[in-house]
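**Q** okay, sequence plus prediction incoming.
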Amino acid sequence: MELKTGLLIWWILMMIQAMTCRPAKECNFIERINYTKFRMEALLNQFLSANENDIRPWPKPISELHLKNLSHKEKMQKAQCGLHFMQKALQLIQQHQSELHDSMNPIHEEIRKTVDFVLERTKLCVAEHIGHCTNIPEPDFQFKEIYKRKQWGRTVLETSLDFLDELVKIPNHASSRRLKP
């Protein structure tokens, strides 16, 4: 074997060893939540544009996405499950939108990207810092009226933004060793 070939093999083996010994990259909790909020704001704007800006919010609160005025412990328990609820609610909104708009409307792609890429990664990041949801709530919306569907969709999106605002505050008050801002 030539010296160059031997050195190349040695170098490759050293690189493989160095790469396998690196710790897995942790997600940055705050950045991930802020990015998710940014994408949800864009989705809300797209939703309002596609569904008439003058839709009034749904009259009932969406308790699964409510984190305000809760203790730190309650927020920790509710945070991961809220993200699961948010993702499932967006899937339901996507179904409603498919019944209202043709498949070329940009709202469909925006919801799909938010559900499949943004929220999926955010759930993993939050689980890494807070823990997993053991009792995943299901959105229950059985109204057929178009206006009520639009109202509920708007309220889910707006409440999701409030939820993310509160979620980003969790690490700042954390005493858990699992949380790393």
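**A** Ah, there it is.
**Q** contacts only, for the residue nearest to the spatial centre of the chain.
**A** Closest residue to the average C-alpha location of the chain: L119 at 2.8 Å, with Cα atoms, centre = their mean. Residues near L119 by Cβ atoms under 8 Å, 6 or more residues apart in numbering: 36, 83, 86-87, 90. The C-beta positions use only the backbone N, C-alpha and C, and glycine is treated the same way.
**Q** same check on L44?
**A** L44 sits next to 154, 157-158, 161 when contact means Cβ under 8 Å, 6+ apart.
**Q** next: I55.
**A** Listed by Cβ under 8 Å, 6+ apart, the contact set of I55 reads 48, 147, 150-151, 154.
**Q** distance from the lengthiest helix in the chain to the middle of the chain?
**A** Using DSSP state H to define each element, the chain has its longest helix at helix 72-100. In this view, helix 72-100 has its centroid 8 Å away from the chain centroid, taken as Cα atoms, centre = their mean, to the nearest Å.
**Q** mind giving me the packing neighbours of the next helix or strand after that helix?
**A** Counting by DSSP states H and E, the next helix or strand C-terminal to helix 72-100 is helix 106-113. Using 3 or more Cβ pairs under 8 Å, 6 or more residues apart in numbering; DSSP states H and E, the elements in contact with helix 106-113 are helix 29-50, helix 72-100.
**Q** let's see the shortest one as CSV, backbone CA atoms only.
**A** Once side chains and other backbone atoms are set aside, the C-alpha atoms of helix 29-50 remain, and they are given as CSV (Å, rounded to 0.1, in the frame of the first residue of the first chain):
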residue,chain,number,x,y,z
PHE,A,29,-36.2,25.9,22.4
ILE,A,30,-36.6,29.7,22.1
GLU,A,31,-35.6,29.9,18.5
ARG,A,32,-37.9,27.0,17.5
ILE,A,33,-40.9,28.5,19.3
ASN,A,34,-40.3,31.9,17.8
TYR,A,35,-39.9,30.4,14.3
THR,A,36,-43.2,28.4,14.8
LYS,A,37,-44.9,31.6,15.9
PHE,A,38,-43.6,33.4,12.8
ARG,A,39,-45.0,30.6,10.5
MET,A,40,-48.3,30.6,12.4
GLU,A,41,-48.6,34.4,11.9
ALA,A,42,-48.0,33.9,8.2
LEU,A,43,-50.6,31.2,8.2
LEU,A,44,-53.2,33.4,10.0
ASN,A,45,-52.6,36.1,7.4
GLN,A,46,-53.0,33.6,4.6
PHE,A,47,-56.2,32.2,6.3
LEU,A,48,-57.7,35.7,6.7
SER,A,49,-56.9,36.6,3.1
ALA,A,50,-58.5,33.3,1.8
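**Q** cheers, nothing more for now.
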